[in-house]
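Colleague: sequence and predicted structure below; questions after.
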Amino acid sequence: MRSGTLDMGKRHCICLALVVLAFTKGSVAGIGASKVEREQASRVQTQTFAETSEYFDGIYRDFYKNYRLGPGDEIAVRVVGQPDFSLESVRISPVGRIYHPLVGDIHVARLTVDELTTKLVAHFSEYILNPSVSVELLTAHSAKVGVLGEVVRPGIVVMDEPMTLLGAIIAAGGATDSGKKSEVTLLRQNNEGRLRIVTVNLKRILEGRADPEQNLALRAGDTLIVHGNLRKKITSLSVPLMGFTQLLYFLSLAR
């Protein structure tokens, strides 16, 4: 994962995909409508796209700003005018450290990019006058979320880029036929250790009828649960049960 032009392109592709249903719905509704009504619909669609784009821009900004580094992540450390002390790519060790030729081992785990930058400036100042340091997150591997319940591949999903609730479920193979898409639970633990429970209507998101904010931006450590739809489970069981009943009937005739 690299920030920059490629991420911007991904971001706008996601935005376009999320609002395309709304645009299609508006186009169908516009057949036979007056010119004023079509212009009003166009303005609403433009506003919807702008709001969606702004929301996902915010997700990307927050992800890179608040991401806490961990084992397996790759970063770049650049010192202006000091190519010998610049690292174009360094992987954080399993114990949360990196090695820098100027100051040796440095513990970086659980720090944000800004916090690490401040820490490196303080360390480098002992050897370089007024060092100008920049840190870039190149690849994220340490942030993970759990996706459980009625999905094709329940388990752990790595957040190697900013991820929404819908994105995590898609990464887990999508909800199964017996999944209750109208009731997906998000479990999130805050900094004080308290558990927050949020219920999301995934069905509305998939149908393009939800506000962008309902497709929640996920954080490392979140857990999603797609609950089972009891009615669908009963329906799926009815066919084999009917077959078993018929078998018993034929066996009784054979006596």
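Modeller: Structure received. Keep in mind that what you see is a predicted model, and the values were worked out from it rather than measured.
Colleague: stretch 190-206: end-to-end distance?
Modeller: 28 Å (C-alpha to C-alpha, to the nearest Å).
Colleague: pLDDT of that stretch, averaged?
Modeller: On average, the pLDDT along stretch 190-206 is 89.
Colleague: can you give me the buried ones in stretch 97-108?
Modeller: Ile98, His100, Leu102, Ile106, Val108 (16 or more other C-beta atoms under 10 Å). The way it works is simple: take the backbone N, C-alpha and C, and place the C-beta from them, glycine included.
Colleague: which residues are contacting that stretch?
Modeller: The contact list for stretch 97-108 (C-beta atoms under 8 Å, 6 or more residues apart in numbering) reads 69, 75, 77, 84-85, 87, 90-92, 96, 109, 116, 119-120, 123-124, 126-128.
Colleague: quick one: terminal-to-terminal distance for it?
Modeller: This stretch, stretch 97-108, spans 6 Å end to end (C-alpha to C-alpha).
Colleague: kindly report the same for stretch 169-181.
Modeller: First residue to last in stretch 169-181 (C-alpha to C-alpha) measures 11 Å.
Colleague: least trustworthy helix or strand in the chain by mean pLDDT?
Modeller: helix 5-29 (a mean of 42; mean pLDDT, DSSP states H and E).
Colleague: related to what we said a few turns ago, just the buried residues of stretch 97-108: which are in strands?
Modeller: Using DSSP state E, the members of the buried residues of stretch 97-108 that fall in strands are Ile98, His100, Ile106.
Colleague: any idea how far Leu186 is from Glu207?
Modeller: Taking C-beta to C-beta, to the nearest Å as the measure, Glu207 falls 19 Å from Leu186.
Colleague: oh, I was asking about Val80
Modeller: For Val80, the distance to Leu186 - C-beta to C-beta - is 42 Å.
Colleague: go on, Thr117?
Modeller: 31 Å.
Colleague: out of these two, which sits in the busier spot?
Modeller: Neighbours were counted for Thr117 and for Leu186 using other C-beta atoms under 10 Å; Leu186 has more, 19 against 16.
Colleague: who's that one bridged to?
Modeller: Beta bridges link Leu186 to Val198, Leu224, judged by DSSP bridges.
Colleague: that one reaches Asp222, doesn't it?
Modeller: Yes. Using C-beta atoms under 8 Å, Leu186 is in contact with Asp222, at 6.2 Å.
Colleague: a markdown table for the ones in strands among the buried residues of stretch 97-108, including pLDDT and distance to Leu137?
Modeller: Below are these laid out as a markdown table (pLDDT from 0 to 100; distance: C-beta to C-beta, whole Å):
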| residue | pLDDT | distance to Leu137 |
| --- | --- | --- |
| Ile98 | 97 | 13 |
| His100 | 95 | 17 |
| Ile106 | 96 | 16 |
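Colleague: closest to Phe56 among the residues you listed?
Modeller: Set against Phe56, the nearest of these by C-beta to C-beta is Ile98 (30.7 Å).
Colleague: name the nearest residue to that closest one, sequence neighbours excluded.
Modeller: Setting aside the residues directly before and after it, Ile98 is nearest to Val90 in space (C-beta to C-beta, 6 or more residues apart in numbering), at 5.0 Å.
Colleague: what helices and strands are in contact with the helix or strand hosting the one you found?
Modeller: For Val90, the enclosing helix or strand under DSSP states H and E is strand 87-91. Judged by 3 or more C-beta pairs under 8 Å, 6 or more residues apart in numbering; DSSP states H and E, the packing partners of strand 87-91 are strand 74-79, strand 97-100.
Colleague: partners of the last one, with directions?
Modeller: Strand pairing for strand 97-100, determined by DSSP bridges: strand 104-107 (antiparallel).
Colleague: next helix or strand past the strand it pairs with?
Modeller: helix 113-124.
Colleague: may I see the buried residues of that following helix?
Modeller: With burial defined by 16+ other C-beta under 10 Å, the residues of helix 113-124 counted as buried are Val113, Leu116, Thr117, Lys119, Leu120, His123, Phe124.
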